[in-house]
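J.: Just the structure for this:
(chains A and B)
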Amino acid sequence: MNNTPLVQLENVSRIYQQGKVQVNAVTEFSIHIQAGEFSVLCGPSGSGKTTILNLIGALDEPSLGTVRLEGRDLAELGRSALAKLRRDRIGFVFQSYNLNPVLTAFENAEFVLALQNIPIAERRQRVMAVLGEVGMGELAARRPDELSGGQQQRIAIARAIVSRPAIVLADEPTANVDSATADAILDLMVRLNREQGITFLFSTHDQRVMDRARRLIHLRDGRLVHDEVRG
Amino acid sequence: MQLGTMAWRNLMRNKRRTLITAFSVAFGVLLSVTFTASGDYAYTNMINTGAIMGLGHLSVEHPEYQDTPTMDKRLRDAEDIRQHLLQASGVTAARIRIMGQAMFASGAKSVGGTFIAIDPDQETPAYNIFLRTLVDGRCFTADEEHGVVVGAKMAEKLNLRLGKKLIFTLTDKNGDLISELSRVSGIFKTGDDSVDGALVLLPLELVRGALGYEPKAASLVAVFLDDHREASALQGVFAGIWAGRPDIAILRWQQSQPDLAGLIAVDRLFNYLLQFLVGLVIAAGITNTLLMSVMERRREFGIMMALGMMPGQVVRLVLLESCWLALLGLALGVVITTPWFLYMAGIGIDFSRQIGEDYSAGGVLIDPVMKFRLYRESAMWIGGAVFSLTLAAGIFPAFKAGKTPPVENLKQG
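T.: All right, here's what the predicted structure looks like:
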């Protein structure tokens, strides 16, 4: 059995230069995330949640320390290899859905599979299956501007999981939807985690998300203040 | 979802902006067609006029005749060469001519000038501008051994009218002076005083006899082509045929009329330069628009890259957008250019009030009516250049989109 953590952050710091000022977004942050976790990075605004998601998601590079995904040091990968890693192993759910406005719901969900050059027939089958999973099968032909916020976020979730990634990184996924929709979306993600074993890592300060998490990673000023694992 | 489809939909997101940009491409097509087609028409006209003024599109002559056109430089079997030339594909006519300098005298006075000795049985107005521009009388016939056709200006200088005597004196193949008496059968007026005041058409047989030439000899064979652009190719073909004949040279119109060729080359160069500069201005506008479109969508590119789109695919997407823009612009260009082109090809704009009827350059008369003619290769060139320039205009925005790290793009919006 492979005991290598899915995600390993070792003494990671991320320092931004804003004009002449250095901003320490994340400082000496270390954490391991195992496959199948349903974890939340929580903390106030500016605590470094999104920066950590960006580092794990291979969108940003640490100033110091090491980020590993499935044992691979991301610093050793070039731009194309990182893009391939994101395409094949990571799913993203963003705060404001961020669906492509020129693509239909089906095409948005299909996007990553198209990048992977999956044959059209297989793409269609997988996309329709996952749209069914998130309850959007009948709205597949609609463009984002014809969908509600909740429906758009469901499509974004479908887009994130359709490629069967190792981990889904969700940045404030409930921030722009009403309570009922937020509950429905969270229930969907919990179900996907339980039934399909998909690893989820959220960044949020939404209590509803934290209530469902099995692990809460508390951050303040870019530092880990408490790592709480629930039963 | 194909990148091409996505690129098209991206363009259609802001229809007004896309349409305005496409119209600037279309305007580029219109300008380019205007410059190129007016050039194609004018140059073709000048070349063809130059050809029917004596030397043809190709001239077959003695190798030294071009530099020292003395009467001893001749083709002894010009008639046979002409028959051979007429067999070639692309050759519409071939005319035997003896050309040289002579002194022309009437009872009133004498002037120096140039003669072209022609075979009246061969010559037609289509291939002889002097016969086309006869204003009085007619060309001598084969039976009229002593007929001449003179330019209007020379007729005026020598006080000549139809039927009047004209004595011409020239140097024969041995360098001896000989004179012949002839009578004016026709007067031409091309409109170019330098030609009308110095040129005389003489009967070929009369001049052959006077010069002591062999029965089939002549200075040159002027070859007329269906399309002047074939001159180089046919020159090669004929040079191959007569490779074993050191007494034969085949000259293209550019070699036999270097002044005209130089004038056209310089004019064409300025034409292209002007088009290039206009193209650059339009391309800068397109770059600006595409860059604006890319900057507005930075977050979108960030999302796509976060989802695994390679930087190269982002570059390709933006380049495909400029590709679609180029095609749309070309299509619009065809739509707005066609009526203008048809008008100019059929009717044109008459500048005779501004430049007169007898404006000449490079030794040939210029048609005062500006018209259009567009060769297929010119049209292809315009299409290719406009497409390439529009595509090139997208290169910087495309690399800007693909080069920015996804995290930077995600911070936007």
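
J.: Wait, B:Asn14 touches B:Ser293, no?
T.: Yes: counting by C-beta atoms under 8 Å, B:Asn14 does reach B:Ser293; the two are 7.2 Å apart. C-beta here means a position set from N, CA and C on the backbone, and glycine is covered the same way.

J.: Which of those two has more residues huddled nearby?
T.: The neighbour comparison of B:Asn14 against B:Ser293 (other C-beta atoms under 10 Å in any protein chain shown) goes to B:Ser293, with 23 against 15.

J.: right, and that one touches B:Arg17 too?
T.: Yes: between B:Ser293 and B:Arg17 a contact is recorded at 7.3 Å, counting by C-beta under 8 Å.

J.: Which of the three states applies to B:Gly191?
T.: Secondary structure state of B:Gly191, per DSSP: H, G, I helix; E, B strand; the rest coil, is coil.

J.: Might you report the residue contacts of the nearest residue to it once chain neighbours are set aside?
T.: For B:Gly191, ignoring the flanking residues on the chain, the nearest one in space by C-beta to C-beta, 6 or more residues apart in numbering or on different chains is B:Asp358 at 3.3 Å. With contact set as C-beta atoms under 8 Å, 6 or more residues apart in numbering or on different chains, B:Asp358 has these partners: B:190-193, B:365.

J.: And these, which two are furthest apart?
T.: Greatest spacing in the contacts of B:Asp358, by C-beta to C-beta: B:Asp193 and B:Leu365 (11.1 Å).

J.: on that earlier part again, so how far is chain A from the residue nearest to B:Gly191?
T.: Counting by C-beta to the nearest C-beta, to the nearest Å, the gap from B:Asp358 to chain A is 62 Å.

J.: Next, work out how far apart that residue and B:Lys371 are.
T.: 18 Å (C-beta to C-beta, to the nearest Å).

J.: mind listing the strands for the chain?
T.: Using chain A here. According to DSSP state E, chain A carries its strands in the segments A:7-18, A:21-33, A:38-42, A:64-69, A:72-73, A:90-93, A:167-171, A:199-204, A:215-220, A:223-229.

J.: wrong chain, I was asking about chain B
T.: Along chain B, counting by DSSP E, strands occupy B:58-61, B:91-105, B:110-118, B:134-137, B:147-151, B:165-171, B:177-188, B:199-203, B:220-225, B:249-252, B:349-350, B:360-361, B:364-365, B:369-370.

J.: Could you report the neighbour count for the one residue in chain B that gets nearest to chain A?
T.: Nearest to chain A, among the residues of chain B, is B:Gly308, at 2.2 Å (C-beta to the nearest C-beta). Using other C-beta under 10 Å, B:Gly308 has 26 other residues around it.

J.: Spit out the contact partners of it.
T.: Counted by C-beta under 8 Å, 6+ apart, B:Gly308 has contacts A:83-84, A:86-88, A:112, A:115-116.

J.: any idea how far the residue nearest to it when sequence neighbours are not counted lies from A:Phe111?
T.: Closest residue in space to B:Gly308, ignoring its immediate chain neighbours: A:Arg87 at 2.2 Å, by C-beta to C-beta, 6+ apart. Distance, A:Arg87 to A:Phe111, by C-beta to C-beta: 10 Å.

J.: quick one: which of the contacts of B:Gly308 has the most company?
T.: Neighbour-wise, those (other C-beta under 10 Å) top out at A:Val112, 27 neighbours.

J.: hmm, back to that, now do the shared contacts for A:Arg87 and A:Phe111.
T.: Shared contacts of A:Arg87 and A:Phe111 (C-beta under 8 Å, 6+ apart): B:Leu307.

J.: List the buried residues of the helix or strand of chain A with the lowest mean pLDDT.
T.: Ranking every helix and strand in chain A by mean pLDDT, DSSP states H and E puts helix A:179-196 at the bottom, with a mean of 86. Judged by neighbour count using 16 or more other C-beta atoms under 10 Å in any protein chain shown, the buried positions of helix A:179-196 are A:181-182, A:184-186, A:188-189, A:192-193.

J.: now swap in stretch A:72-87 and tell me
T.: A:72, A:74, A:79, A:82-87.

J.: Could you do stretch B:309-326 as well?
T.: Counting neighbours by 16+ other C-beta under 10 Å, one finds that the buried residues in stretch B:309-326 are B:309-311, B:314-326.

J.: nearest to B:Val266, of the residues you listed?
T.: For these, the closest approach to B:Val266 (C-beta to C-beta) belongs to B:Ala326, at 30.8 Å.

J.: Enumerate the residues of chain B near chain A.
T.: Proximity of chain B to chain A, by C-beta under 8 Å from any C-beta of the partner chain, involves residues B:1, B:6, B:9-10, B:12-13, B:299-300, B:303-313, B:405-407, B:410.

J.: Put the buried members of those into a PyMOL selection.
T.: To isolate the buried members of the residues of chain B next to chain A in PyMOL, using 16+ other C-beta under 10 Å:
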select buried, chain B and resi 1+6+9+10+299+300+303+304+305+306+307+308+309+310+311+405+406+407+410
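
J.: re the thing from before, take the strands of chain B and lay them out in TSV including distance to A:Ile217.
T.: Converted to TSV, the strands of chain B look like this (distance: least, C-beta to C-beta, whole Å):
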stretch	distance to A:Ile217
strand B:58-61	87
strand B:91-105	89
strand B:110-118	101
strand B:134-137	103
strand B:147-151	103
strand B:165-171	110
strand B:177-188	102
strand B:199-203	101
strand B:220-225	85
strand B:249-252	83
strand B:349-350	79
strand B:360-361	84
strand B:364-365	88
strand B:369-370	78
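
J.: want to throw these into CSV with mean neighbour count?
T.: Output for the strands of chain B, formatted as CSV (neighbours: other C-beta atoms under 10 Å in any protein chain shown):
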stretch, mean neighbour count
strand B:58-61, 27
strand B:91-105, 21
strand B:110-118, 19
strand B:134-137, 16
strand B:147-151, 28
strand B:165-171, 18
strand B:177-188, 19
strand B:199-203, 25
strand B:220-225, 26
strand B:249-252, 21
strand B:349-350, 12
strand B:360-361, 16
strand B:364-365, 22
strand B:369-370, 16
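
J.: how about these in a markdown table, adding mean pLDDT and distance to A:Gly46?
T.: Formatted as a markdown table, the strands of chain B follow (pLDDT from 0 to 100; distance: least, C-beta to C-beta, whole Å):
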| stretch | mean pLDDT | distance to A:Gly46 |
| --- | --- | --- |
| strand B:58-61 | 95 | 83 |
| strand B:91-105 | 94 | 85 |
| strand B:110-118 | 93 | 94 |
| strand B:134-137 | 94 | 95 |
| strand B:147-151 | 94 | 95 |
| strand B:165-171 | 91 | 103 |
| strand B:177-188 | 92 | 94 |
| strand B:199-203 | 94 | 93 |
| strand B:220-225 | 95 | 80 |
| strand B:249-252 | 95 | 78 |
| strand B:349-350 | 92 | 70 |
| strand B:360-361 | 74 | 76 |
| strand B:364-365 | 76 | 80 |
| strand B:369-370 | 91 | 70 |
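
J.: what residues does the worst-scoring helix or strand of chain B on mean pLDDT touch?
T.: Scoring the helices and strands of chain B by mean pLDDT, DSSP H and E places strand B:360-361 at the bottom, with a mean of 74. With C-beta under 8 Å, 6+ apart as the test, strand B:360-361 has contacts from B:46, B:191-192, B:194-195, B:263, B:366.

J.: go again using 10 Å as the cut-off
T.: Strand B:360-361 is contacted by residues B:42, B:46, B:49, B:190-195, B:259-260, B:263-264, B:267, B:366 when judged by C-beta atoms under 10 Å, 6 or more residues apart in numbering or on different chains.
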